[in-house]
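> Got a predicted model here, sequence first, then my questions.
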Amino acid sequence: MKEPVVIVGAGLSGLRAASLLQSKGISCRVLERAAGLGAGF
Ligand SMILES: Cc1cc2nc3c(=O)[nH]c(=O)nc-3n(C[C@H](O)[C@H](O)[C@H](O)COP(=O)(O)OP(=O)(O)OC[C@H]3O[C@@H](n4cnc5c(N)ncnc54)[C@H](O)[C@@H]3O)c2cc1C
């Protein structure tokens, strides 16, 4: 059984991981505690 992919944090690392997964056809959910994406940038 495939486990769902959850990425905690929409900073540089989280967004890059999500992008790589999506490019391979793997869906994921990104959880971010702050209001915006990309941490401080
Ligand atoms: C003041 C400062 C200036 C910098 N300037 C530069 C620069 O000019 N150039 C450069 O290349 N690098 C710079 N850096 C370094 C850069 O910020 C980091 O290398 C990069 O952001 C690390 O990415 P990350 O995804 O690992 O972490 P982060 O970018 O910190 O992302 C982590 C994310 O996870 C979220 N998060 C944390 N805990 C939880 C939780 N429990 N639930 C949900 N979400 C959570 C946070 O809100 C955040 O959005 C700077 C860093 C600082 C502190």
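Structure's in. What do you need? If you're wondering where the values come from, they're calculated on a predicted model, not measured in any experiment.
> tell me the contacts of the spatially closest residue to Gly14 that is not a sequence neighbour?
Once flanking residues are discounted, Gly14 sits nearest to Ile7: 4.7 Å by Cβ to Cβ, 6 or more residues apart in numbering. C-betas here are computed from N, CA, C, even on glycine. Contact analysis of Ile7 by Cβ atoms under 8 Å, 6 or more residues apart in numbering lists Gly14, Ala17, Ala18, Cys28, Arg29, Val30, Leu31.
> and Ile7, what pLDDT?
Looking at Ile7, its pLDDT is 98.
> just the residues of the chain that are near the ligand, which are they?
8-14, 31-34, 39-40 (Cβ under 6 Å from any ligand atom).
> From the contacts of Ile7, which land in helices?
Gly14, Ala17, Ala18 (DSSP state H).
> So among these, which ones count as buried?
Gly14, Ala18 (16 or more other Cβ atoms under 10 Å).
> from the ones in helices among the contacts of Ile7, which is closest to the ligand?
Gly14 (5.4 Å; Cβ to the nearest ligand atom).
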